[in-house]
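# quick one, what's the 3D model for this:
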Amino acid sequence: MPMMTSSTGNRNSRAAFTLIEILVSVSILAVGLVAIMGAFDTCLSALAASGDRVRATLLMKEQLAMIEMSGYGNGASGQFVGDDANFSWRVDVHPVVHSSGAELNEVVVSVWRANGRAAYSLTTCAREPSLR
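Numbers count the residues shown, from 1 in each chain. Predicted coordinates for the structure are as follows:
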């Protein structure tokens with residue numbers, strides 16, 4: 001006659017996760033989530049800095065166009081208005097003699113955030129606009 005064995009005693013010992021296994025799994029998950037949140041924060045900071053850089057570049061080009069139309073005033077400065085009120089600007093003009101003998105102006109347009117977090121500058125050489 002075959003002998004009957006009970007498997008209930010063997011199955012009960014491995015039927016559920018042990019407390020140690022759960023703690024290790026939760027710890028690994030927590031470390032992974034902290035790493036993901038750190039990367040997310042870094043990405044948000046890089047996105048904000050990139051947005052500032054693009055906006056500052058557009059403001060510098062706009063200010064340079066205004067200066068080219070109205071003449072170069074050395075040391076002129078101010079603050080933008082409206083949505084760009086948190087940006088300030090300054091224009092520095094220095095005469096430069098080109099190797100061909102042409103008299104040019106080195107124009108440096110600087111833009112920075114009012115909180116001083118970031119500063120950007122655009123340098124170009126141009127002739128003094130002729131007054132009409």
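# helix, strand or coil for the spatially most central residue of the chain?
By CA atoms, centre = their mean, the mean C-alpha position of the chain lies nearest to residue 49, the distance being 1.5 Å. Under the three-state scheme (DSSP: H, G, I helix; E, B strand; the rest coil), residue 49 adopts helix.
# got a list of what it touches?
residue 118 (CB atoms under 8 Å, 6 or more residues apart in numbering). From N, CA and C alone the C-beta is placed, and that goes for glycine too.
# one more pass at 10 Å, please.
117-118 (CB atoms under 10 Å, 6 or more residues apart in numbering).
# check which element follows the strand or helix carrying residue 69 along the chain.
Element membership of residue 69, judged by DSSP states H and E, is helix 19-70. For helix 19-70, the following helix or strand on the C-terminal side (DSSP H and E) is strand 77-79.
# and that following strand, which strands flank it?
strand 87-97 (antiparallel) (DSSP bridges).
# next, the angle from the partner strand to helix 19-70.
Compare the direction of strand 87-97 with that of helix 19-70 by axes from the mean of the first three to the mean of the last three CA atoms, to 10 degrees and you get 50 degrees.
# which stretches of this structure aren't confidently modelled?
Filtered on pLDDT under 70, the chain yields the residue ranges 1-15, 72, 128-132.
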